[in-house]
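# prediction below, plus the sequence it came from.
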Amino acid sequence: MEKGNVLVVGYSGVGKSTLIKTVLGEEAMKKKASDSCSPNSDFQVYENSNISFRLIDTTGIEPGMFKEQRAVKAVRKWSAQSIKNKSDNQISVVWFCVDSFTCHLFPKTIDEFMDAISVWKNVPIIVVITQSYAKDETQHAEEIVRKAFLSQKSFAPRLTEVISVVAKPRTSEDGNLLPPKGIPELIEITNNLLPEGLQAAKKDVARYILSRKRAMSHAVVSVATLAGITAGFVGAPIVDLMLLKPTESIEIESIFRIWEIKKSKEAKELQDCILDIGTVSLTGKTVLSSLKLIPGINLGAATINAFISGTIVFALGEAASYIFEQIYTGKKTINDVEWVKKVIDDSLTSTAMDKITSSVKSISKNADKKEILAAVTGSLGQK
Ligand SMILES: Nc1nc2c(ncn2[C@@H]2O[C@H](COP(=O)(O)OP(=O)(O)OP(=O)(O)O)[C@@H](O)[C@H]2O)c(=O)[nH]1
Ligand SMILES: [Mg+2]
């Protein structure tokens, strides 16, 4: 399939590669695009067969832009050569990534940047504010960027869009989970900016975004599971399910946001219902007690608790992901409360228990959080 090419530039460490991984998926990162020509250390081309654009990752661009010039020159050469080879490696869109730290350098370096990409005269520019965890900082960064573009007549019309994103969930210092955001918008807008013949159909984009949402949902569950494992490790001899409540609450809220469920009284009740089953219902307690009864486990209490805690957070998150996806795609509604209860129940009891009993034995005695996480997600993930 013929595709558009998106040039991704920005200072080193702003999160270009992380963003590309979220937009195209992990598989795409492992497998470089087939016609990326000779291997080049200045840029890499990635693609996913299900979406209409490739992403060109430029590496190691420091403030001062010397290396950027090198990377951009290499991409220019790649573009030019392709014309000879009758393949089309034209650049259709540029993503300029800045974060709230590097945006302060933006007004000073915008000249050099515009100069570097000057061969692509009418190519639209999307400024992507990466790692936009805090609202204030993000707004501030947006203002700086817009001002810098407006400062020159020739720059102003090039700025097509400013989008703030979080590519990968993060746990803040106070234990809050900060979910991914802005990715579906970025995909949609980029597709719309491609030359008409290259654009993917609306329904294909929607399908693609669905798959990305699913991946982001799993990423959130994974981060929350690790937090659950941590909470379990420091816990008392018996897992206190209430200790997991804050983690589960943020986990569910984050997944809820990924699936763009509209806020309403019913939606809130649904979230609470999911949370209640995970914390106070009998189901949770059953998981606890039966796990302790599995014979032949030679693990310390802290390890078992960590494993159980992680498992509950994981099973709950996976169930919530499934539930919200069904609602997002219109197969179910937020009023299908009985169905929701059943899904959570199944996830916490049968599915979780079946898999747990086999995988708990694979945990080594001095397992650390990472090993426990692998045991939890590995055993439960492969449904
Ligand atoms: N949690 C989280 N971490 C991020 C995000 N974006 C970037 N990071 C982290 O920031 C660091 C730098 O990200 P990269 O994606 O490697 O940055 P880059 O722009 O590709 O850097 P160069 O390749 O050196 O130009 C990594 O440790 C990432 O994990 C994000 O959205 N969420
Ligand atoms: Mg990189």
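Thanks, I have it. All values reported here derive from a predicted model rather than from experimental measurement. Ligands and ions are numbered 1, 2, ... in the order given.
# make it CA atoms for all contacts and neighbour counts henceforth
Fine.
# just the endpoints, please. Distance across stretch 41-56?
The first and last residues of stretch 41-56 sit 12 Å apart, counting by Cα to Cα, to the nearest Å.
# so for that stretch, what gets flagged as buried?
42-48, 51-56 (16 or more other Cα atoms under 10 Å).
# can you check stretch 140-151 too?
So stretch 140-151, judged by 16+ other Cα under 10 Å, has buried residues A141, E142, I144, V145, R146, A148, F149.
# hang on, the second one in a helix?
Yes: read with DSSP: H, G, I helix; E, B strand; the rest coil, E142 is one of the residues of a helix.
# confirm for me that it is in contact with E161.
No: contact criterion Cα atoms under 8 Å: E142 and E161 do not qualify, at 10.3 Å.
# so which residues of the stretch 101-250 of the chain form strands?
Listed in chain order, the strands of the stretch 101-250 of the chain (DSSP state E, counting those that start in this stretch) span 125-129, 159-164, 170-171, 177-178.
# which of those sits closest to ligand 1?
Ligand 1 sits nearest to strand 170-171 of all those, at 4.1 Å, using Cα to the nearest ligand atom.
# can you give me the mean pLDDT across stretch 180-195?
Per-residue pLDDT over stretch 180-195 has a mean of 97.
# should've said stretch 76-96
On average, stretch 76-96 scores 76.
# quick check, it touching ligand 1?
No: Stretch 76-96 stays out of contact with ligand 1 when judged by Cα under 6 Å from any ligand atom, the minimum separation being 10.5 Å.
# can you get me the start-to-end distance on that stretch?
End-to-end for stretch 76-96, by Cα to Cα: 16 Å.
# one more: stretch 122-142?
22 Å.
# now do stretch 164-177
Stretch 164-177: ends 17 Å apart by Cα to Cα.
# average model confidence for that stretch?
90.
# and L226, how many neighbours?
Using other Cα atoms under 10 Å, L226 has 27 neighbouring residues.
# wait, S350
The local packing of S350 (other Cα under 10 Å) involves 12 other residues.
# can you check D136 too?
D136 - counted by other Cα under 10 Å - has 11 other residues nearby.
# quick one: mean pLDDT over the longest helix along the chain.
Counting residues, the longest helix found in the chain (DSSP state H) is helix 202-233. Per-region confidence: helix 202-233 scores 95 on mean pLDDT.
# so which elements touch it?
helix 16-24, helix 183-193, helix 245-258, helix 301-328, helix 369-381 (3 or more Cα pairs under 8 Å, 6 or more residues apart in numbering; DSSP states H and E).
# do that again at 10 Å, thanks
Applying 3 or more Cα pairs under 10 Å, 6 or more residues apart in numbering; DSSP states H and E, one finds that helix 202-233 makes contact with helix 16-24, strand 170-171, strand 177-178, helix 183-193, helix 245-258, helix 301-328, helix 369-381.
# quick one: list the elements packing against the helix or strand where E269 lies.
Using DSSP states H and E, the element containing E269 is helix 265-279. Helix 265-279 makes packing contacts with helix 245-258, helix 282-292, helix 301-328, helix 337-346 when contacts are defined by 3+ Cα pairs under 10 Å, 6+ apart.
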